[in-house]
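Visitor: okay, here's the prediction I keep looking at, along with the sequence it came from:
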Amino acid sequence: MADLLTAEAVREELGGLTDWSGDPTGIGRTVQLGSFPDAIAVVDRVAVVAERLDHHPDIDIRWRTLTFRCVTHSAGGVTHRDVELARHIDDIVRSVR
Ligand SMILES: C[C@H](O)[C@H](O)[C@H]1CNC2=NC(N)=NC(=O)C2=N1
């Protein structure tokens, strides 16, 4: 099982991400896209990456606003797998915007 990150490690990792916040219980980012189809395109691409990584974010969809939350459920907190997934989400958002 992946190692849980400490509060300090989570803070450090958040510094390398775009607009993410959180703590050892989870990290999240809310992002507004230009349209509902653009938001769904992001979700669709995140789904592909999540399947490849076998690591899945919680996603809240409200019209063109998406909220992602990454936590390793099996470990009960934030691990490097969540940080990796968050980086992919940032890349995807950047490519669709
Ligand atoms: C069997 C499979 O590997 C697990 O259920 C995976 C799937 N995706 C997952 N995603 C997240 N975020 N946390 C998990 O613990 C998790 N477990």
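Guide: Sure thing, it's come through.

Visitor: going forward, measure contacts between C-alpha atoms and count neighbours the same way
Guide: Noted.

Visitor: quick one, strands of this structure?
Guide: For the chain, strands defined by DSSP state E occupy the ranges 21-23, 26-32, 58-62, 65-70.

Visitor: so the third one, near the ligand or not?
Guide: No. Strand 58-62 does not reach the ligand (CA under 6 Å from any ligand atom); its nearest approach is 7.3 Å.

Visitor: how distant is that strand from the center of its chain?
Guide: 11 Å (CA atoms, centre = their mean, to the nearest Å).

Visitor: who's in contact with stretch 72-80?
Guide: Around stretch 72-80, the neighbours that count as contacts under CA atoms under 8 Å, 6 or more residues apart in numbering are 1-5, 10, 23-27, 55, 70-71, 81-82.

Visitor: in a markdown table, list the strands of the chain along with mean pLDDT.
Guide: Below are the strands of the chain laid out as a markdown table (pLDDT from 0 to 100):
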| stretch | mean pLDDT |
| --- | --- |
| strand 21-23 | 98 |
| strand 26-32 | 98 |
| strand 58-62 | 98 |
| strand 65-70 | 98 |
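
Visitor: would you turn those strands into CSV with mean neighbour count?
Guide: Shown next, in CSV, are the strands of the chain (neighbours: other CA atoms under 10 Å):
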stretch, mean neighbour count
strand 21-23, 17
strand 26-32, 18
strand 58-62, 13
strand 65-70, 19
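
Visitor: could those strands be laid out in CSV, adding distance to residue 96?
Guide: Formatted as CSV, the strands of the chain follow (distance: least, CA to CA, whole Å):
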stretch, distance to residue 96
strand 21-23, 21
strand 26-32, 11
strand 58-62, 16
strand 65-70, 13
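
Visitor: thank you kindly, that will do.
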